[in-house]
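*Asks:* I'll drop the sequence and a predicted model, then ask my questions.
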Amino acid sequence: MRINKYFYIATLLIAGKANAQILPSFGDSRSGSTGMQFLKIAPDARSMSMGGAYVAIANDVSAMYWNPAGITQSDTGLINIQTSHTSYFGDISANHVGIIGRVGKLSYLGFQVFNMNYGTMNETTEFDPSGTGRKFAINNYYLGLTFAKVLTNNFSFGINGRYANEGFPGISIHNVLFDLGLKYDVGIKNARFGINFSNFGFNVKPDGKAQVLKFNGPTDITNFTTITVPGIFRLGAAFDPIRGYKHNLTVAAQLNHPTDNNETYALGAEYTFKRMLYGRCGYEFASDEAYRAPSAGIGMKLRRNFGGLTIDYGFLAKSSLGNIHRVTIALNIK
């Protein structure tokens, strides 16, 4: 059968990746060994509320980040638009806008924009620790285009291409990245599996000029070390132990293996009341920055004649980074 063939291919991909990455890594955590760390930041409140255990569930605009195959399961009539805002410590914020739509009977197309805003900072040096009187800003963003297709009633795939930029004063890093996502629905208790390979990119060198102060005066640096991107392999599963219109409970588990850190494991749950009100919680284990408490969030979906409106809120308390708040608003137009 065609279903078995596609599932067999997906299993081979998992097994091949497992031999290289799922086994424990002995040694350092490799933190800080790659650039463009903002590529690890998820854009939506729903996934953050569930501790990041989302690769098997992703079925909305945010699937372009988590698992591009998931946009084939979105509640899409004509188009689906989603925007998110994340508030961090120190006046740092992140913003994301995405749009997806059906371009054929079984094909979907999406576009997304992500931006990190760090605000304006005072320049300090070894010789002027209190500040030089000058200010600077850092700018990170990416633009992405996603294509996904339903291959069978149970199996779908998606591919995502992104242009990413990391900008510092006088220096800019450009890269082109690719993501691959697969989803397989078992059909029992709404059980499903998801696989995501994120941030396949090139090793690139920064462009521009950096000025550093030495005892003999300022010196310009134009030769930089090659920068790699933080690739991530995610494998997740989810099912609904309670399934129905009035009450629905989804439980998810996920393995994350980044190329620049230790493996982490996430568990998440989502309770739905009449497909209108949502309550969520989750936890990520073994991360460098521990959770002070499980992540949590709520959501509301309003059905309207034109389609629907969804509002989600997520909260996460980190031990060192403090509290993180994220709000997502999605609009579905028939």
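*Replies:* Sure thing, it's come through.
*Asks:* would you say residue 289 is within a strand?
*Replies:* No: secondary structure assignment (DSSP: H, G, I helix; E, B strand; the rest coil) places residue 289 in coil, not in a strand.
*Asks:* how about it, phi and psi?
*Replies:* Dihedral pair for residue 289: phi -100, psi 100, per degrees, to the nearest 10.
*Asks:* next, count neighbours for residue 289.
*Replies:* In terms of burial, residue 289 registers 10 neighbours under the definition other C-beta atoms under 10 Å. All C-beta atoms are positioned from the backbone trio N, CA, C, and that covers glycine.
*Asks:* same deal with residue 197?
*Replies:* Look at residue 197: counted by other C-beta under 10 Å, it has 17 neighbours.
*Asks:* against residue 232, how distant is the closest residue to it other than its chain neighbours?
*Replies:* For residue 197, the nearest residue in space outside its immediate sequence neighbours is residue 180; the separation is 4.7 Å by C-beta to C-beta, 6 or more residues apart in numbering. The gap separating residue 180 from residue 232 is 12 Å, by C-beta to C-beta, to the nearest Å.
*Asks:* these two: which is more packed in?
*Replies:* Here residue 180 and residue 232 are set side by side on neighbour count (other C-beta under 10 Å), and the busier one is residue 232, at 20 against 17.
*Asks:* got phi/psi on the more buried one?
*Replies:* Note on residue 232: its backbone torsions stand at phi -140, psi 130 [degrees, to the nearest 10].
*Asks:* now the one 5 residues further on
*Replies:* The main-chain torsion angles of residue 237 are listed as degrees, to the nearest 10 and equal phi -140, psi 150.
*Asks:* heading C-terminal from the helix or strand where the residue nearest to residue 197 lies, find the next helix or strand.
*Replies:* Counting by DSSP states H and E, the element that carries residue 180 is strand 171-185. Using DSSP H and E, the helix or strand that follows strand 171-185 towards the C-terminus is strand 192-201.
*Asks:* list the helices and strands that next one packs on?
*Replies:* The helices and strands touching strand 192-201, judged by 3 or more C-beta pairs under 8 Å, 6 or more residues apart in numbering; DSSP states H and E, are helix 2-17, strand 171-185, strand 232-242.
*Asks:* just the CA coordinates for it, please, in CSV.
*Replies:* Written as CSV, here are the backbone C-alpha positions of strand 192-201 (Å, rounded to 0.1, in the frame of the first residue of the first chain):
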residue,chain,number,x,y,z
ARG,A,192,0.0,11.0,15.2
PHE,A,193,3.7,11.3,14.8
GLY,A,194,5.8,14.2,13.6
ILE,A,195,9.4,14.6,12.5
ASN,A,196,11.1,17.9,11.8
PHE,A,197,14.7,18.7,10.6
SER,A,198,15.2,22.4,11.1
ASN,A,199,17.9,24.9,10.0
PHE,A,200,19.8,23.1,7.3
GLY,A,201,22.1,26.0,6.4
